[in-house]
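> show me how the following folds:
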Amino acid sequence: MYNTIRNNISYNNKSHGIMLHEKSDFNVIENNTVSGNVSGIALWRSSNNIVRNNTVKDNRHGVRANMASNKNTVQNNNISGSALYGVYFYDKANSNLVNNNTFDGNKVGVYVKSDQNEISKNILTNNGVGIYFQDTALNNKLAQNQIKQSKIYGIYTKVKSQVSNILGINELYRNRKDVMGMVDIAN
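Model prediction:
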């Protein structure tokens, strides 16, 4: 790893709490508290990073990755109170892993508009929507998550029926509606 951003408090910034920008690859962001920002932690054209053990709360987006931010790991974070998305993957943020996080009280826990990401072993509680797949999301894997007490949907998907995402075994309970939208289910 090239750099480690550790044990910081970043709050009430006009833009990002912590940002890796343009080819900031192979870094670790850990044990930080980030709150009150547009994006708590932002990855822009940055790959192979590890975002772990952070408290990310009351931001517009908790952890955001876009513009070819690939092969990043978002793991063991507590992400809560995001006005829009707890984790937000879009614009070719592909092949990322979201694993072992807790999401609580976000508008959307995890929003995916990219390909080949794995979302596994997370606990999503009391979000508006637990996990949202946008219509261009391809070949993503969703498995071994607990999605509960979502105010609207546990899983919402806008993907077309010919698009393939793998929804493995997940626990969905006490959501207003567990799954909504057009979806291909493969095991």
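> from here on, contacts and neighbour counts on C-alpha atoms
Fine.
> low-confidence regions, the chain specifically.
1, 159-163, 182-187 (pLDDT under 70).
> next, name the residue at the spatial heart of it.
Val87 (2.5 Å; C-alpha atoms, centre = their mean).
> hang on, that residue packs against Arg64?
Yes. Counting by C-alpha atoms under 8 Å, Val87 does reach Arg64; the two are 5.8 Å apart.
> could you look up the SS state of the residue nearest to the centre of the chain?
Taking DSSP: H, G, I helix; E, B strand; the rest coil as the rule, one finds Val87 in the strand state.
> which ones are touching it?
Neighbouring residues of Val87 by C-alpha atoms under 8 Å, 6 or more residues apart in numbering: His61, Gly62, Val63, Arg64, Gly109, Val110, Tyr111.
> same list (these) but as JSON lines, adding neighbour count.
Conversion of those to JSON lines gives the following (neighbours: other C-alpha atoms under 10 Å):
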{"residue": "His61", "neighbour count": "30"}
{"residue": "Gly62", "neighbour count": "35"}
{"residue": "Val63", "neighbour count": "27"}
{"residue": "Arg64", "neighbour count": "24"}
{"residue": "Gly109", "neighbour count": "34"}
{"residue": "Val110", "neighbour count": "25"}
{"residue": "Tyr111", "neighbour count": "23"}
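> looking at those residues, spot the one nearest Gly181.
Tyr111 (14.5 Å; C-alpha to C-alpha).
> isn't the closest one up against Tyr85?
Yes. Taking C-alpha under 8 Å as the definition, Tyr111 is a contact partner of Tyr85 at 6.3 Å.
> show me where this protein has helices.
Under the criterion DSSP state H, helices are not mapped anywhere in the chain.
> from what I see, Lys177 and Tyr156 are in contact.
No. When contacts are counted by C-alpha under 8 Å, Lys177 is not listed as touching Tyr156 (9.3 Å).
> who's more crowded, the two?
Tyr156 (22 against 17; other C-alpha atoms under 10 Å).
> for Val179, see how far away that one is.
6 Å (C-alpha to C-alpha, to the nearest Å).
> same thing with Ala65?
25 Å.
> quick check on these two: which one has the bigger neighbour count.
Neighbours were counted for Ala65 and for Val179 using other C-alpha under 10 Å; Ala65 has more, 27 against 19.
> Val87 versus that one, what's the distance?
Plainly put, Ala65 is 8 Å away from Val87 if you go by C-alpha to C-alpha.
> swap in Lys107?
With C-alpha to C-alpha as the criterion, Lys107 and Val87 are 11 Å apart.
> for Asp178, list the residues it contacts.
Tyr153, Gly154, Ile155, Leu172.
> and for Glu22?
Glu22 is in contact with Trp44, Arg45, Ser46, counting by C-alpha under 8 Å, 6+ apart.
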